[in-house]
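**Q** make a model of this:
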Amino acid sequence: MGREEKINLQGTVYWTLKWSPQQLIKFFEKKKDKLFLKPEYIEIIKYQDIAGQDFLMLTEEKLMQYGLKGGPATRIVQFVKEIKGEEQALQLELEKEKLKRAKDFVLRLKPKCLVFKPKRHISKLVCSQQHTTSLKHGI
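**A** Numbering: from 1, shown residues only. Model (predicted):
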């Protein structure tokens, strides 16, 4: 999956939740070829006044109760699962990227060498990056 596709998928579930019934119908009209949906199946969904939040909770049984045949019901429910799965996979990947960046940042800050130079009652911790931290003995 390319970087541009990831960006386009980000927030899919979030935005789908906000869809009105009209927006959902437009979505189905755009996806009718991919999902092999006949106009009468889209009309059934339109008649049921299904909004985005309803769409994400659809089951095959519910769609068949509405009057869809088993095939279209299965394809729609599978598509819902794909949307949810892509969103979860994307979120996981983004979290991994954040953790990797944080790890890289910490590793860049890690001193390459530590040298203790005792001076009477205070030691100085000196590293190669010219950072100095004072430490009292016994701490």
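
**Q** quick one: the closest residue to residue 70 other than its chain neighbours from residue 52, how far?
**A** Closest residue to residue 70 apart from its sequence neighbours, by Cβ to Cβ, 6 or more residues apart in numbering: residue 64 at 6.5 Å. Just so you know, the C-beta spots here come from the backbone N, C-alpha and C atoms, and that holds for glycine as well. Residue 64 sits 21 Å away from residue 52, going by Cβ to Cβ, to the nearest Å.

**Q** more neighbours: which of the two?
**A** residue 52 (18 against 14; other Cβ atoms under 10 Å).

**Q** find the nearest non-adjacent residue to the more buried one, please.
**A** residue 19 (3.0 Å).

**Q** also residue 15?
**A** With Cβ to Cβ, 6+ apart, the residue lying closest to residue 15 is residue 52, at 7.7 Å.

**Q** my read: that neighbour touches residue 20, true?
**A** Yes. Assessed by Cβ atoms under 8 Å, residue 52 is found in contact with residue 20 at 7.5 Å.

**Q** am I right that the residue nearest to residue 70 is in contact with residue 71?
**A** No. Assessed by Cβ under 8 Å, residue 64 is found out of contact with residue 71, at 10.4 Å.

**Q** what segments of the chain are helices?
**A** For the chain, the helices defined by DSSP state H cover 3-9, 12-17, 21-35, 39-47, 52-55, 60-66, 70-109.

**Q** need the residues that contact the shortest one.
**A** What it means is helix 52-55. For helix 52-55, contacts defined as Cβ atoms under 8 Å, 6 or more residues apart in numbering pick out 15-20, 23-24, 80.
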